[in-house]
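Engineer: Please work out how this folds:
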Amino acid sequence: MPFATIKKTKLNPHQLTAIGFAIIILIGGLLLALPISSTSGASIGILDALFTSTSAVCVTGLVVLDTGQDFTLFGQLIIMLLIQIGGMGFMTYGVIIALILGKRIGLKQRVFLQESTKSSSIQGLVKLVLSIFFITLTFEAVGALILWLRWIPDLGLGQAAYYAVFHSVSSFNNAGFGLWSDSLVRYVGDPIVNIVISMLYIAGGIGFMVIVDIYRKRRWSKFALHTKIVLLISTLLSVGGFIIIFILELFNPAVFGHLTLSEQLWAAYFQSTTTRTAGFNSIDLAGMLTASQFLMVFLMFIGASSGSTGGGIKTNTFMVLLVAMYSNIRGRSQVHIFKRKISNELVLSALSVIMISLSLVLVVSFILTITEPGQQFIDLLFEATSAFATVGMSLGITPELSPVGKAIIIFTMFAGRLGPLTLAFALANKQRDSKIGYPEEKVLIG
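Structural biologist: Residues are numbered from 1 along each chain as shown. The predicted structure follows:
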């Protein structure tokens with residue numbers, strides 16, 4: 001749907017977002033289904049093409065085909081373009097094109113932009129979108145330059161440049177698509193690759209508004225509450241995940257046995273942070289202990305932060321619920337953090353997001369146990385969570401999914417990219433608050 005026609009539509013922002021992503025996925029699927037996209041010279045089939053397109057647009061990274069081996073340069077470029085559009089959001093590109101053409105961004109268009117960027121206000125939205133555009137290009141360009149210099153000895157000037165750009169775009173947008181069949185296993189102990197790739201997906205995962213806030217204010221005391229919450233919980237989850245994974249896998253010779261201590265530390269760090277919806281892996285995930293895999297399910301479910309390129313229930317949502325639980329246990333009537341009050345409406349929204357998301361993951365996992373009877377439950381739960389949180393990590397079962405299983409994962413990736421509340425609001429009919437009041441009565445809890 002052209003950006004200029006928004007003023008004529010009767011769709012609400014949630015419905016437009018859903019339809020917009022669906023159209024891009026369909027176009028991408030049709031392009032990837034063309035014989036020119038496949039190295040075999042024949043079409044990969046519409047289902048696999050739609051799966052790949054959905055995974056790219058939803059910046060997930062789950063693949064049923066080897067990106068580097070099964071797709072031609074044309075197909076890989078289509079995937080990279082879909083990742084870029086999906087990461088920044090198609091509304092961002094709509095604004096850029098409108099501004100280039102000299103079009104005016106009206107009030108209704110700003111309302112749609114507010115939903116797309118998860119901004120709390122319609123003021124300054126055009127400036128924010130321009131910031132998103134330049135932030136993305138800057139991070140991707142710097143990341144690609146460093147990776148290019150690192151990979152020149154391995155791949156040569158030309159191929160190193162292409163691989164650097166592809167992986168930089170995939171990393172910052174938290175997509176997890178790679179051109180090597182083993183993802184980044186060959187660079188498990190490489191400091192440059194580990195640092196650059198992780199910094200890209202961490203930056204993309206904390207969100208554009210956080211990056212802008214840090215750049216403008218540069219002092220913790222001046223940061224917005226959202227920024228403080230995101231930075232705090234992101235650090236705690238990354239450090240906690242690193243420590244637990246490192247300790248657990250020390251007792252697993254199948255994964256850590258052949259690695260040096262330095263490689264073990266890098267591997268634990270990378271796998272802890274990449275679960276925040278990045279999707280790359282530097283060790284064999286299927287060989288990890290079940291305890292480590294379950295921890296990664298938990299970290300994937302939380303995911304990145306609101307207004308970012310990542311998915312999941314979001315770190316800020318998780319933090320709000322934690323603080324609300326703590327306040328309730330302490331018998332406090334108000335929820336507050338960093339000397340700021342959090343409204344009951346926000347707490348209910350956080351609870352709704354978590355419950356809808358948890359229900360979706362459990363239902364999808366249950367259905368997969370029926371459609372994929374030969375797979376282990378932890379593998380299916382891992383797959384469902386990875387799809388919902390748009391992470392892209394897998395224990396190796398994605399290419400083995402049945403056609404029905406692939407369709408279910410396609411829907412899960414789409415729902416996860418939109419977000420549970422956006423999807424719910426897009427499907428729900430507009431209702432007015434009831435003016436009828438009812439008597440209050442107690443219900444036993446716990």
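Engineer: Surely Leu395 and Met296 touch.
Structural biologist: No: using CB atoms under 8 Å, Leu395 is not in contact with Met296; the gap is 9.8 Å. Placement of C-beta: from N, CA and C, glycine included.
Engineer: Between these two, which contacts overlap?
Structural biologist: 285, 382 (CB atoms under 8 Å, 6 or more residues apart in numbering).
Engineer: more neighbours, these two?
Structural biologist: Met296 (25 against 21; other CB atoms under 10 Å).
Engineer: helix, strand or coil for the more buried one?
Structural biologist: Using DSSP: H, G, I helix; E, B strand; the rest coil, the structure places Met296 in helix.
Engineer: What's the separation between it and Ser272?
Structural biologist: 8 Å (CB to CB, to the nearest Å).
Engineer: quick one: contacts for Pro191?
Structural biologist: Contacts for Pro191 (CB under 8 Å, 6+ apart) come out as Trp266.
Engineer: what's the answer for Ser402, then?
Structural biologist: 371-372.
Engineer: Now it. Its backbone dihedrals?
Structural biologist: Phi and psi for Ser402, reported as degrees, to the nearest 10, are phi -70, psi 160.
Engineer: confidence score at it?
Structural biologist: What the model reports as pLDDT for Ser402 is 96.
Engineer: And it, how far from Ile409?
Structural biologist: 10 Å.
Engineer: buried ones in the top helix by length along the chain?
Structural biologist: Counting residues, the longest helix found in the chain (DSSP state H) is helix 125-155. When neighbours are counted by 16 or more other CB atoms under 10 Å, the buried residues of helix 125-155 are found to be 125-126, 128-129, 131-133, 135-136, 139-140, 143-144, 146-148, 150-151.
Engineer: which helices and strands does that helix pack with?
Structural biologist: Applying 3 or more CB pairs under 8 Å, 6 or more residues apart in numbering; DSSP states H and E, we find helix 125-155 packed against helix 73-88, helix 90-100, helix 107-117, helix 157-172, helix 191-206, helix 208-217.
Engineer: Phe318 is nearest to which of the ones you listed?
Structural biologist: Proximity to Phe318, assessed across those by CB to CB, is greatest for helix 191-206 (13.5 Å).
Engineer: between the closest one and helix 73-88, how big is the angle?
Structural biologist: Taking axes from the mean of the first three to the mean of the last three CA atoms, to 10 degrees, one finds helix 191-206 and helix 73-88 inclined to each other by 50 degrees.
Engineer: Alpha carbons of helix 191-206, in PDB - could you do that?
Structural biologist: The C-alpha coordinates for helix 191-206 follow below in PDB (Å, rounded to 0.1, in the frame of the first residue of the first chain):
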ATOM      1  CA  PRO A 191      37.800 -11.500  18.900                       C
ATOM      2  CA  ILE A 192      37.200  -9.200  16.000                       C
ATOM      3  CA  VAL A 193      34.300 -11.200  14.500                       C
ATOM      4  CA  ASN A 194      32.700 -11.800  17.900                       C
ATOM      5  CA  ILE A 195      32.900  -8.200  19.000                       C
ATOM      6  CA  VAL A 196      31.800  -6.600  15.700                       C
ATOM      7  CA  ILE A 197      28.900  -9.000  15.100                       C
ATOM      8  CA  SER A 198      27.700  -8.900  18.700                       C
ATOM      9  CA  MET A 199      28.000  -5.100  19.000                       C
ATOM     10  CA  LEU A 200      25.900  -4.800  15.800                       C
ATOM     11  CA  TYR A 201      23.000  -7.000  17.000                       C
ATOM     12  CA  ILE A 202      23.200  -5.600  20.600                       C
ATOM     13  CA  ALA A 203      22.900  -2.000  19.200                       C
ATOM     14  CA  GLY A 204      20.000  -3.100  16.900                       C
ATOM     15  CA  GLY A 205      18.400  -4.900  19.800                       C
ATOM     16  CA  ILE A 206      18.400  -2.100  22.400                       C
END
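Engineer: Between helix 125-155 and it, find me the angle.
Structural biologist: 160 degrees.
Engineer: buried ones in helix 191-206?
Structural biologist: Buried-residue list, helix 191-206, by 16+ other CB under 10 Å: 193-194, 196-206.
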